[in-house]
Every structure is written in C-alpha cells, then in structure tokens.
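Novice: missing the sequence, but the structure's below:
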C-alpha cells in the first residue's frame with residue numbers, strides 16, 4: 001500500500017472521528033440543554049433535605065444521585081453563572097426531575113418544610129416539660145415528640161457511654177431528665193426530636209468533668225445520683241452563694257439516713273401526675289415519702305450546681321429555709337432552732 005493511500009485512510013479516520021465527536025457532543029449538548037430547560041413528562045420525585053452543614057457541592061451531589069439533574073458539575077456551573085450569590089436555606093424541598101434549572105433554583109428559595117436555624121435558650125433548672133414547651137413555641141419540634149424522645153436512653157447509648165450506667169428502674173418518668181444540658185442552641189425548625197435530644201446530650205457529654213466522676217468514685221455514688229442531687233439543689237437555690245450550703249444539708253441528710261424532705265420534689269411529682277404518670281412513679285419522686293434521693297433528676301442542673309454538690313461546704317447543717325421572698329437563707333443543725341426561726345421569719349415570704 002502506498003504512502004498516499006495510508007494518508008487517505010488516516011484522513012478518512014480523522015473525518016469519521018470528528019464526525020463521531022460532533023454527533024456525540026451534539027447529543028450530550030442536547031441532553032444537557034433539555035435537562036436545563038426541563039421535561040415536564042419526567043415525574044421522578046425527590047425530597048431534598050438541606051442541612052445547615054450543606055454547601056453547593058453537597059446539594060449538587062444530592063440532586064444528581066437522586067435523578068433530578070443529569071450532571072452535578074453542570075448544575076453547579078449553571079448556578080455559579082446565574083445565581084453567583086445564592087444562599088441555600090435549611091429545609092425540605094419536593095422536587096421533580098421534570099423541573100427546569102430555573103424552577104429548581106426558585107424552589108430552593110422557598111422550602112416546603114423550613115429548617116431555618118433558630119437560637120433557643122434553655123435556662124438552668126428547666127425540666128423536660130419546660131424544654132418541650134420552649135421547643136414547640138420556637139417551632140423546633142412538637143412538645144409531645146420531645147417528651148417521648150426523653151423517656152428512654154436506649155436510642156442514644158451507643159453515642160454516649162455515660163448513659164450505660166443509668167439505673168434500670170420502672171419508676172423513672174423520663175430517663176434523660178437531668179442530662180439535657182441547659183445552654184443556648186442553634187436548632188433547625190421542624191427538627192426530629194431525637195436529633196434535638198442527641199444535641200443536648202452531646203452538650204452534657206462535652207462538659208462532663210473528671211471532678212464529677214472522681215467525687216462519685218470517692219463517695220460511692222453514681223453519676224446519675226450526683227446529677228439527681230444537683231437537680232434538687234438547683235431548684236432550691238433561689239439566691240446567690242448558697243448552693244454549697246444547701247448541698248451540704250442534703251449530703252448530711254443522706255449520710256445520716258434522714259429523708260431529704262425537699263418541697264421542690266413534690267412540685268415535680270405534681271407535674272408528672274398532670275402528665276398522666278402513675279401514683280407509684282409520682283410518689284417515688286416525693287422526698288417526704290422516699291427514703292433518700294428521688295427516683296431521678298427533677299430538672300436539668302447547670303454546671304455550677306453540680307459543682308456545688310461536688311465542692312459542698314463541710315458543715316453540720318441539717319435544716320434550712322429561705323425568707324424575704326427567697327433572697328435570704330437560714331441554716332442550722334437544730335430542728336428546734338429551725339422551727340423557732342421559721343416562726344419569726346416565715347411572714348417575710350409574701351409571694352405565696
């Protein structure tokens with residue numbers, strides 16, 4: 001075969017290759033262009049969920065992996081060109097593969113279910129009922145779903161090892177009460193209640209101090225019992241600088257096998273009764289009836305009041321009361337002294 005013939009064959013092959021590339025490129029271009037314009041006949045549906053940690057790359061991957069766009073890079077490039085300053089909003093979006101890119105972009109500015117982040121403050125001393133109401137009022141999750149998510153530790157044990165040492169008891173109303181750390185959170189609207197609970201448990205876990213576990217080891221106490229006692233101190237501590245003395249009273253009572261007899265535990269029991277819990281469970285939180293600590297925490301204490309138990313003052317106090325509407329406290333080791341001083345000062349409490 002002559003060189004001239006070889007050149008002709010090579011030229012023909014080049015022409016064929018260019019033709020194939022042209023046809024292929026035209027076909028791909030047509031597919032991409034059709035995808036951009038949208039095909040109303042394609043009814044494939046997908047609910048896109050954009051979390052607060054998602055960026056354009058994550059959104060593009062989700063759209064591509066679920067058949068809404070034919071190429072994630074094309075979608076990203078189109079968005080960069082047409083919406084260079086686009087802000088993705090947390091939420092849920094019902095999309096179809098037949099939507100044009102313009103329709104998808106418009107849809108992504110109006111979620112079907114908003115997950116917009118809201119700053120929520122959970123104060124120290126809030127119990128599960130207080131937290132549930134706050135979350136519902138801020139459209140984070142329903143009160144019912146949150147309370148249900150707090151009843152058992154089981155779904156969270158693999159994530160938080162401190163839960164594994166909780167007591168097995170049929171008189172504990174909400175197993176996670178006490179460990180829903182009071183703090184300021186950025187929660188998404190319409191969140192899953194279990195995710196909210198997990199974040200709050202994570203906040204407690206990240207602040208779990210070795211001094212707490214050391215105290216428990218030295219005093220034959222579990223972390224659950226420490227937080228239970230701290231929750232009672234939390235609700236009793238109305239003024240400043242008295243938590244360590246209040247803690248000392250309760251520690252002294254426990255060490256002498258004397259009932260705690262704290263009114264705030266009755267208040268919690270009443271809340272449980274209103275929520276439909278049995279008399280057995282309600283009574284188990286009443287420290288005028290149970291021999292020592294209540295069945296479980298009665299609120300979610302802050303760090304300061306857990307520390308107040310760990311570092312309680314070394315006193316002989318066995319009794320205390322507040323007066324001047326809770327602004328002052330009286331401590332004593334004598335019941336007769338307690339009774340006589342109470343008669344003198346009780347009328348300074350006018351808030352009922």
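Specialist: Now that the structure is in, tell me what you want to look at. Just so it is clear, the model here is predicted, and its values are computed rather than measured. Numbering: from 1, shown residues only.

Novice: going forward, measure contacts between C-alpha atoms and count neighbours the same way
Specialist: Noted.

Novice: show me where pLDDT drops low in the stretch 201-350 of the chain?
Specialist: For the stretch 201-350 of the chain, the stretches with pLDDT under 70 are 239-240.

Novice: Can you list the residue ranges for helices in it?
Specialist: Ranges of helices within the stretch 201-350 of the chain are 210-218, 223-236, 243-255, 263-274, 279-284, 303-310, 335-345, based on DSSP state H, counting those that start in this stretch.

Novice: Give me the helices and strands touching the first one, please.
Specialist: It refers to helix 210-218. Judged by 3 or more CA pairs under 8 Å, 6 or more residues apart in numbering; DSSP states H and E, helix 210-218 is in contact with helix 223-236, helix 303-310.

Novice: list the buried ones in the shortest one?
Specialist: Buried residues in helix 303-310, defined by neighbour count with 16 or more other CA atoms under 10 Å: 303, 305, 306, 307, 308, 309, 310.

Novice: Dump the residues you listed to JSON lines, plus distance to residue 230.
Specialist: Converted to JSON lines, the buried residues of helix 303-310 look like this (distance: CA to CA, whole Å):
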{"residue": "303", "distance to residue 230": "9"}
{"residue": "305", "distance to residue 230": "6"}
{"residue": "306", "distance to residue 230": "5"}
{"residue": "307", "distance to residue 230": "8"}
{"residue": "308", "distance to residue 230": "8"}
{"residue": "309", "distance to residue 230": "6"}
{"residue": "310", "distance to residue 230": "9"}
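
Novice: burial count for the closest residue to residue 335 other than its chain neighbours?
Specialist: Counting by CA to CA, 6 or more residues apart in numbering, residue 335 lies nearest to residue 319, which is 6.9 Å off, once chain neighbours are set aside. Residue 319: 22 surrounding residues under other CA atoms under 10 Å.

Novice: and the closest residue to residue 117 other than its chain neighbours, what does it touch?
Specialist: Distances taken as CA to CA, 6+ apart place residue 188 nearest to residue 117, at 4.2 Å, with adjacent residues excluded. Neighbour list for residue 188: 90, 114, 115, 116, 117, 118, 140 [criterion: CA atoms under 8 Å, 6 or more residues apart in numbering].
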